[in-house]
Every structure is written in structure tokens, then in C-alpha cells.
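> sequence unknown, structure follows:
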């Protein structure tokens, strides 16, 4: 079969976006892996699939596949690319849309300056719902945040467990450029305390309104930016009393702006989304 696609990125987090409204798409995990492969396929951190809504209260359904072929719940940078795609393709003329994801409904909005803001919903902080198995662990409290010890070869790291529709383990590092992101990210991603695996965030606090962040993403490895990772890091930092909303997040691919009023309020993420090229590939 021939697959029409659009290559996009949000702050360097790159995507293959597929219109499943105007073409019939039924791919296997192996085929998704081929599409994401940077040597033999197109190359992407995630593949985003645009589908018709399954209910009258939303505009689209949004499905996400990681580079390993597995379907996942959420992708913040991808949500911005999603808005840019459906707008440029004429699939909607709305400035704000409601989109169904595996983890619930999100509400991205196209701003007048070309940026895109996504209502990512309220963070999930209950360990059981992240999900994170804290049975038998003795955590330590900083502000409103409970930090949990993760045993790794060579020592213990302390993480905040946050879900933004997908699980994140956020730790503070003194210098994000020297942090062992590849080595520890691999171990944290598959740590047995996280039954669905986890995205490992490494955050350096510059000041209460500014951080640097690197994220080792579940099923993709380190990416140049991670939208849900930025949201989770800011939530964890605010709860620890180290950050104040709004927060500028410097990733290796660009900057994101994250705002959160606390409690059960939604996390708002603003950033870029860029179309790179379009093409067709035979599978």
C-alpha cells in the first residue's frame, strides 16, 4: 500500500503525521516501526494519526505511535503539530478544537501569533494512577510533592511521579548537559516500579520561571523536546516550591511556555509546530 504523510516537528520533537480520514490506514506495529526508522523509513520520534471523531462532542480522534511501534496515551508537542496539520489541510476552520486521545480529551488552540496553546488537562498525582508502585517505599516530602527513591546500579535517584495522560518520573539535576540521560534514562524507563514504563525527565532549575530539560521518552529514547515532559517537570517543580507559573522550558530543540495554577487546574502549554515536507511511501 502507499501511505501519504506529512513530516512535522514541534521544538525538534519530530513526527510523521498521517491523515486517516481521507485514506484507509491499518498498519501493524512492525510497519509503524518501519515508518519511524531513520535509515530505512521516513524517521520520527512519534507517528500521529488523524481520525474521524467517535462522538459528537469532539472534532477529531488523535492516535500516537512511538518509534518502537507501540501506541501511547499522549504527546504534547504532537498535539500542536496536530492542530497545524488539520488547519493547513482544511480539515477544520476552527481556532480551537476538541480532540479525543487515548487518555482523554485535549483542547488545543491556534493563537493569532502563530503559536499553539494546548490545554493538557489537570496532572495526575496519585501514584496508583500514574501508574507508579510505591508499595514499601519511604518517600520524602518537599513542599507539596512527595519524592520517591528509585534504586539504580550505582545509587539512588529521587523522582516525582506525575502523569499528564502518560507517566513521567522527574528528577532535579545540577547540570542537565552533564546528566546521564542515556544511561539512567534507559534504566528508569523500564524500572519495575512503573508497570507501563515511564518517561524520564532531567530538570535543571535556572530560576523560578525558567528551567532546562532533557527527557528520555518511553519507546523513543531521548528526544529534542517532550511537551508532556515539560508539563510534568513544571508541575513537579511548582509542587516542590522551586518554580512559579508561568515557566519557560528550554529544551534542546527549542523553548516551550508552561502555565499551571495548581490543584486540579489544567496545565497550559504554548509552543511552535512546523511543517517540514510532504511525501508518499510504499509499505
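That came through, no problem. In this text, all values refer to a predicted model and were calculated from it rather than measured experimentally. Numbering: from 1, shown residues only.
> which ones are touching the closest residue to residue 19 other than its chain neighbours?
The shortest distance from residue 19 to any residue other than its chain neighbours is 5.3 Å, reached at residue 50 (Cβ to Cβ, 6 or more residues apart in numbering). (Each C-beta comes from the backbone N, C-alpha and C, glycine too.) Going by Cβ atoms under 8 Å, 6 or more residues apart in numbering, residue 50 touches 17-21, 60-62, 82, 85-86, 91.
> which residues touch the least confident helix or strand in the chain by mean pLDDT?
Ranked by mean pLDDT, DSSP states H and E, the helix or strand of the chain with the weakest confidence is strand 104-110, at a mean of 90. Contact with strand 104-110 is made by 57-58, 62, 74, 79-80, 82-84, 87, 95-99, 116-121, 165, as judged by Cβ under 8 Å, 6+ apart.
> give the next helix or strand downstream of it.
Per DSSP states H and E, the first helix or strand lying C-terminal to strand 104-110 is strand 116-119.
> in stretch 240-255, what counts as buried?
For stretch 240-255, the neighbour count (16 or more other Cβ atoms under 10 Å) marks 240, 242-243, 245, 247-254 as buried.
> first to last residue in that stretch, what's the distance?
Terminal residues of stretch 240-255 are spaced 22 Å apart (Cα to Cα, to the nearest Å).
> neighbouring contacts of it?
9, 11-13, 142-145, 147, 160, 172, 205-206, 208-215, 223-226, 230, 233-234, 237-238, 256-262, 271-272.
> now, of these, which are buried?
Buried residues within the contacts of stretch 240-255, counting neighbours by 16+ other Cβ under 10 Å: 9, 11-13, 142, 145, 147, 160, 172, 205, 211-215, 223-226, 230, 233-234, 237-238, 256-260, 271-272.
> still on that earlier bit, restricted to strands, list the contacts of strand 104-110.
62, 99, 116-119 (DSSP state E).
> OK, contacts around residue 6?
Contacts of residue 6 (Cβ under 8 Å, 6+ apart): 16-19, 85, 275, 277-278.
> that one bridge partners, please.
For residue 6, the beta-bridge partners under DSSP bridges are residue 17, residue 278.
> tell me where the stretch 1-150 of the chain has helices.
Taking DSSP state H, counting those that start in this stretch as the test, the helices found in the stretch 1-150 of the chain are 29-36, 76-88.
> tilt between the longest one and strand 104-110?
Between the axis of helix 76-88 and that of strand 104-110 there is an angle of 60 degrees, by axes from the mean of the first three to the mean of the last three Cα atoms, to 10 degrees.
> before we move on, what about the first one?
Orientation of helix 29-36 against strand 104-110 (the same axes, to 10 degrees) gives an angle of 20 degrees.
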